[in-house]
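Trainee: Sharing a model prediction with you, sequence too.
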Amino acid sequence: QQQVKQSPQSLIVQKGGISIINCAYENTAFDYFPWYQQFPGKGPALLIAIRPDVSEKKEGRFTISFNKSAKQFSLHIMDSQPGDSATYFCAASKKAAGNKLTFGGGTRVLVKP
Amino acid sequence: TQSPRHKVTETGTPVTLRCHQTENHRYMYWYRQDPGLGLRLIYFSYDVKMKEKGDIPEGYSVSREKKERFSLILESASTNQTSMYLCASHSGSLSYEQYFGPGTRLTVT
């Protein structure tokens, strides 16, 4: 039973385009929703995160949109660059439960120059 | 840091994967990463000698004898344990962020 479902599994975008990755969760007790970025041969690194009391958070070219009623959140990468080519994971956790992260299945993003 | 970075072993042999953090973080975690499944939590520890099961603990055990070190033990490796294993740590304070190591690629033949 996957509590966080992520789509698409992969996407190809042209340089300068917008990449959109969607996630849906089931557990309404989750109170932290991070996105991690992983390059080949490296461990995941935190990219951006949001709490459920905020509907949107922007950091540079990366934006999280959060819809609490629909139990969905998404990552938008604006002006995508070849250096953004990586695997992206959404996740959710509940700090009271030891901040255990439940991850989505991942999205492999390829930005073509 | 994680060690080893790569390991090939045979079915039935014991395997220990090691994780070392220098951030004085209270929490440490072991995940396995498989294509299409993302990362799944195996075990985590919130203090020395303290541990809790994650979502997929079967076939694994852990050890945390010192705050900075957290080991994942496969008593008898099986082919379905071939995977990438990632260690993470978390301060346990107001910050939610988990910091990941580079991973250990384990192949069981």
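Mentor: Cool, got the structure. Numbers count the residues shown, from 1 in each chain, chains lettered A, B, ... in the order given.
Trainee: Tell me the gap between stretch A:80-95 and the middle of its chain.
Mentor: 5 Å (C-alpha atoms, centre = their mean, to the nearest Å).
Trainee: Which residues are in contact with the residue nearest to B:Pro35 when sequence neighbours are not counted?
Mentor: In this structure, B:Pro35 finds its nearest non-sequential neighbour in A:Gly106, 7.9 Å apart by C-beta to C-beta, 6 or more residues apart in numbering or on different chains. Where you see a C-beta, it was placed from the backbone N, CA and C, and this is true even at glycine. Each residue near A:Gly106 by C-beta atoms under 8 Å, 6 or more residues apart in numbering or on different chains is listed here: A:Gln6, A:Gln9, A:Gln38, A:Thr87, A:Tyr88, A:Phe89, B:Pro35, B:Gly36, B:Gly38.
Trainee: Now for B:Gly101, how many residues are close by?
Mentor: Using other C-beta atoms under 10 Å in any protein chain shown, B:Gly101 is surrounded by 21 other residues.
Trainee: State the distance from the residue of chain B most remote from its centre to A:Val111.
Mentor: The centre of chain B is farthest from one residue, B:Leu94, which by C-alpha atoms, centre = their mean lies 23.4 Å away. The gap separating B:Leu94 from A:Val111 is 34 Å, by C-beta to C-beta, to the nearest Å.
Trainee: And the strands in chain A?
Mentor: A:4-7, A:10-14, A:19-25, A:33-38, A:45-50, A:56-59, A:62-67, A:72-77, A:86-92, A:102-103, A:107-112 (DSSP state E).
Trainee: can you pull up the bridge partners for residue 107?
Mentor: Since no chain was named, I'll use chain A. For A:Thr107, the beta-bridge partners are A:Tyr88 (DSSP bridges).
Trainee: hm, I was asking about chain B
Mentor: According to DSSP bridges, beta-bridge pairing links B:Thr107 with B:Val8.
Trainee: burial measure for B:Pro102, as a count.
Mentor: Neighbour tally, B:Pro102, other C-beta under 10 Å: 14.
Trainee: how near is it to chain A?
Mentor: 5 Å (C-beta to the nearest C-beta, to the nearest Å).
Trainee: show me what contacts that residue?
Mentor: A:Gly41, A:Lys42, A:Gly43, B:Thr1, B:Gln2, B:Arg5.
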